[in-house]
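Peer 1: Give me a 3D structure for the following:
(one chain, ligands or ions: 1)
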Amino acid sequence: MEKQIRCTLCGTDMKTMQLDKYNKPHGFALMAIGVVIVAAIPAEALLSLVLVPFGLVVAFSKKEVWSCPACFSITERIGNKQKYGW
Ligand SMILES: [Zn+2]
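Peer 2: Modelled structure (predicted):
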């Protein structure tokens, strides 16, 4: 059973939603660098074997946050620290 929390700004019951955990363009940049390295420097292809999966993780990782349907404030679910807006 999930704990329900209320928005600290307007008191509305908050819903969970998924956000990108990391910066998506950074993930794609890492993958692009990995691909370029394979094409340009085959000797360094091993490095890209690390970069490409890492980029995929960065680009597609999700985290669950509380979001308020009324005022769209976002509250991190991990820890007590609260963060608003985007
Ligand atoms: Zn609210």
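
Peer 1: Distance check, the residue nearest in space to the middle of the chain against the ion.
Peer 2: A centroid search over the chain (Cα atoms, centre = their mean) returns residue 21, at 1.3 Å, as the residue closest to the centre. Computed with Cβ to the ion, to the nearest Å, the distance linking residue 21 and the ion is 23 Å. For every residue, glycine as well, the C-beta is placed using N, CA and C.

Peer 1: Please report phi then psi for that residue.
Peer 2: phi -80, psi -40 (degrees, to the nearest 10).

Peer 1: tell me the SS of residue 26?
Peer 2: When the structure is split into helix, strand and coil by DSSP: H, G, I helix; E, B strand; the rest coil, residue 26 lands in helix.

Peer 1: and it, what is it in contact with?
Peer 2: Each residue near residue 26 by Cβ atoms under 8 Å, 6 or more residues apart in numbering is listed here: 58-59.

Peer 1: How many residues are close by residue 15?
Peer 2: Residue 15: 11 surrounding residues under other Cβ atoms under 10 Å.

Peer 1: That one contacts residue 69, doesn't it?
Peer 2: Yes: between residue 15 and residue 69 there is a contact under Cβ atoms under 8 Å: 5.9 Å.

Peer 1: tell me the contacts of the residue nearest to the centre of the chain?
Peer 2: Shown here is residue 21, whose contacts under the criterion Cβ under 8 Å, 6+ apart are 61-63.

Peer 1: Quick check: helices, which of the residues you listed are part of them?
Peer 2: Here DSSP state H is the test, and those give no hits in helices at all.

Peer 1: and of those, the nearest to the ion?
Peer 2: The shortest separation between the ion and any of these is 19.5 Å, and it belongs to residue 63 (by Cβ to the ion).

Peer 1: From the ion, how far out is the residue lying farthest from the centre of the chain?
Peer 2: Farthest-out residue of the chain from its mean C-alpha position, per Cα atoms, centre = their mean: residue 43, at 31.9 Å. As for residue 43, its distance to the ion is 55 Å (criterion: Cβ to the ion).
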